[in-house]
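S.K.: I would like the atomic coordinates for the input below:
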Amino acid sequence: MANAALDSAQALIKAPLVHKGKVRELYDLGEHFLIVVTDRISAFDYILRPGVPDKGYVLNTLSKFWFDKTSDFMNNHVVHTDVEQLTDIVPDAAARELLKDRIMVAKKAERISIECVVRGYITGNGWRQYQQTGEINGQKLPEGLRKNEAFAQPIFTPAAKNDVGHDEDISVEQMKALVGEALTLELQDKSIQLYTLARDYCESRGIVLADTKFEFGIYGGEVIIIDELFTPDSSRYWSKDKYALDIEIDSMDKEPVRTYLAGSGWDKNSEPDELPQAVVEETSRRYKEILHRLMGE
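M.R.: Predicted coordinates for the structure are as follows:
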């Protein structure tokens, strides 16, 4: 039986809640933000019940791992991840133990409202676009590509972030109109280099990094990485031994939840029933598996 999942940290933290997302909670510490990564899991804009035990721990630990690994290449928003430095904000020792490895104190960067997506393989929404138009986000691609095929070079396919509703796929030219040509080219270049760095590391661990998304912000006049980095929620990971063309590859994330929901008869427009315990436990296992395979722990 899996342990109970952390649904919210609001009762544990003595600081103003700024934003409550689907998974993360953002608290105002004055000079910095406090990000708490919960075990909530979502699908089709609904928070599902129950949460997935250890999911928040995995997401936060992997983000810290990748922020550390890429820090020589590009600065990020991390100040520290030690809850024991927050005794004034989380005075209860049991609460700090619960939040251990689930928090990140972060710089207050000005968010750039573009989701920077890099695709190394043609799959998911990119494959669907290509089937219909021969393009992805307005980029013309060679004819005859097969599902899950690797691109000759990774491609950059941004999306405009919307606070309400879904993010909107846009072309690079549209991104230039929104944030300017110089910033667009910088973000495109940095995103592809970050993806390539992580892709090569994953390859050494028997994992395919199919695609990923980044968020960036401006801090002290410099572009830095914010939010999360190369987590199973922001990236599509495949085990190399399951990679094949022309099939639906079982990704190393919340695939058991997607599979269950697809077969459950849920209409996606009403509050879903609770997830079966077996689905929750298998999803928790998958999140921990990608952590162990990437970090070797």
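
S.K.: Could I get the full set of helices for the stretch 51-200 of the chain?
M.R.: 55-70, 93-99, 124-133, 172-179, 181-204 (DSSP state H, counting those that start in this stretch).

S.K.: May I see the buried residues of the third one?
M.R.: Residues of helix 124-133 classed as buried: 124, 126-127, 129-130 (neighbour count, 16 or more other CB atoms under 10 Å). No exception for glycine: its C-beta is placed from N, CA and C like everyone else's.

S.K.: cool, and the last one?
M.R.: Counting neighbours by 16+ other CB under 10 Å, one finds that the buried residues in helix 181-204 are 183-184, 187-188, 190-192, 194-195, 197-199, 201-202.

S.K.: and if you look at the first one?
M.R.: By neighbour count, with 16+ other CB under 10 Å as the criterion, the buried positions of helix 55-70 are 55-67, 70.

S.K.: Tell me the one of those nearest residue 41?
M.R.: Nearest to residue 41, judged by CB to CB, of these is residue 55 at 6.4 Å.

S.K.: didn't that closest one look like it was pressed against residue 284?
M.R.: Yes - the criterion here is CB atoms under 8 Å, and residue 55 meets it with residue 284 at 6.7 Å.

S.K.: Just the terminal-to-terminal distance for stretch 36-51.
M.R.: Taking CA to CA, to the nearest Å, stretch 36-51 runs 15 Å from one end to the other.

S.K.: Buried ones in it, by neighbour count?
M.R.: Buried, per 16+ other CB under 10 Å, within stretch 36-51: 36-41, 43, 46, 48, 50-51.

S.K.: and for residue 55 and residue 284, which residues touch both?
M.R.: Common neighbours of residue 55 and residue 284, using CB atoms under 8 Å, 6 or more residues apart in numbering, do not exist here.

S.K.: Run through the chain and note the low-pLDDT ranges.
M.R.: 1-3, 163-165, 297 (pLDDT under 70).

S.K.: how's it carved up into domains?
M.R.: 10-108, 110-242 (the TED database).

S.K.: Of the ones you listed, which is nearest residue 256?
M.R.: Per CB to CB, nearest to residue 256 of these: domain 10-108, 9.7 Å.

S.K.: do you know how far residue 114 is from residue 231?
M.R.: To residue 231, residue 114 is 19 Å away according to CB to CB, to the nearest Å.

S.K.: quick one: contacts for the residue nearest to residue 245 when sequence neighbours are not counted?
M.R.: Of all residues not flanking residue 245 in the chain, residue 146 sits nearest, at 4.8 Å (CB to CB, 6 or more residues apart in numbering). Contacts for residue 146 were tallied using CB under 8 Å, 6+ apart; they are 122, 245-246.
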